[in-house]
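Visitor: Got a predicted structure here, sequence first:
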Amino acid sequence: MNYKNSNGLNYILISDTALFQGCSPVETEKLLSGMQFFTKAYKKGVPVYHAGTPVSDIGIVLHGVVQIENNDLWGNKNIISLAQAGEVFAEAYACIPREPMMVDVIALEDCEILFLNVPRLFQLASSGKGEYSVLIRNLTMISARKNLLLSRRILHTSSKKIRGRLLSYLSHQAELQGSRYIDIPLNRQQLADYLSLDRSALSKELAKMKQDGLLDYHKNSFVLKNV
């Protein structure tokens, strides 16, 4: 059963998000009642945030997936990360007043997003309302995890060779999934963008790695072989 009130918010769903981890639906409703927030739906491909725009609200994905990406003047795209249902984005920018976004946030599919005003959260937490400390703690943990993910991406792209980048990424996925039979969350273009590679060059190198007996694959499913 969905726990909703007159504003239509699903507090069970929100309680399962990273920011409200550890809160019951009743506690989540109470915390939100003192905050500034709104929800908004986005169609696939629609920008949520534009690079260069200062933001004061963090976004929590309730449904769908958003893509955080960097686009240069020549149209080259570099995928930074994905935020799926329950995950948070733009928290670092919202925590720093007037800090412009360095990335674009795009709806990868139809989405519903809950936006929370961070200055209001800080105001509530600093005014002696201890119940908001759980959100500050969760926000800190979210930021720390994001830093680790960015560090991991730097490691994946540190090799000058395409094969080195692919081996680093696929090895990490095997570690995460505990198997040499893995499914990756990125399609070919997304994988190329994430590893800062040309898609055709990536596809050619995958074919060579298959010929060399390092792996086998079909679409997003891979088998890593022990050579």
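Guide: Received it, and whenever you're ready, just let me know what you need.
Visitor: most centrally placed residue in the protein?
Guide: Ala83 (2.7 Å; CA atoms, centre = their mean).
Visitor: Tell me how far Leu135 lies from Met35.
Guide: 9 Å (CB to CB, to the nearest Å). Where you see a C-beta, it was placed from the backbone N, CA and C, and this is true even at glycine.
Visitor: Helices of this structure, start to end?
Guide: Using DSSP state H, the helices of the chain run over 11-15, 25-33, 91-94, 118-126, 133-156, 162-177, 188-194, 199-211.
Visitor: nearest to His50, of those helices?
Guide: helix 91-94 (11.8 Å; CB to CB).
Visitor: The residue nearest to the centre of the chain touches Gly64, doesn't it?
Guide: No. Here Ala83 does not reach Gly64: they are 9.4 Å apart, not a contact under CB atoms under 8 Å.
Visitor: what do the two both touch?
Guide: Counting by CB atoms under 8 Å, 6 or more residues apart in numbering, Ala83 and Gly64 have no contacts in common.
Visitor: Throw the helices of the chain into TSV and include mean neighbour count, mean pLDDT and distance to Gly52, thanks.
Guide: Output for the helices of the chain, formatted as TSV (neighbours: other CB atoms under 10 Å; pLDDT from 0 to 100; distance: least, CB to CB, whole Å):
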stretch	mean neighbour count	mean pLDDT	distance to Gly52
helix 11-15	20	94	30
helix 25-33	17	94	30
helix 91-94	20	94	11
helix 118-126	17	94	19
helix 133-156	14	91	20
helix 162-177	16	95	29
helix 188-194	19	92	20
helix 199-211	14	96	27
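Visitor: could you dump these to TSV with distance to Ile79?
Guide: TSV is the format used below for the helices of the chain (distance: least, CB to CB, whole Å):
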stretch	distance to Ile79
helix 11-15	26
helix 25-33	31
helix 91-94	17
helix 118-126	25
helix 133-156	9
helix 162-177	12
helix 188-194	4
helix 199-211	12
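Visitor: Nearest to Ile106, out of these?
Guide: Comparing the helices of the chain by CB to CB, helix 188-194 comes nearest, at 11.9 Å.
Visitor: Counting by contacts, list what the closest one packs against.
Guide: Applying 3 or more CB pairs under 8 Å, 6 or more residues apart in numbering; DSSP states H and E, we find helix 188-194 packed against strand 77-84, helix 199-211.
Visitor: Quick one: those as a markdown table, columns for distance to His172 too.
Guide: Formatted as a markdown table, these follow (distance: least, CB to CB, whole Å):
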| stretch | distance to His172 |
| --- | --- |
| strand 77-84 | 14 |
| helix 199-211 | 16 |
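Visitor: The nearest residue to Leu202 once chain neighbours are set aside: what's it in contact with?
Guide: Nearest residue to Leu202 in three dimensions, chain neighbours excluded: Ala192, at 4.6 Å (CB to CB, 6 or more residues apart in numbering). Applying CB under 8 Å, 6+ apart to Ala192 gives the contacts 198-199, 201-202.
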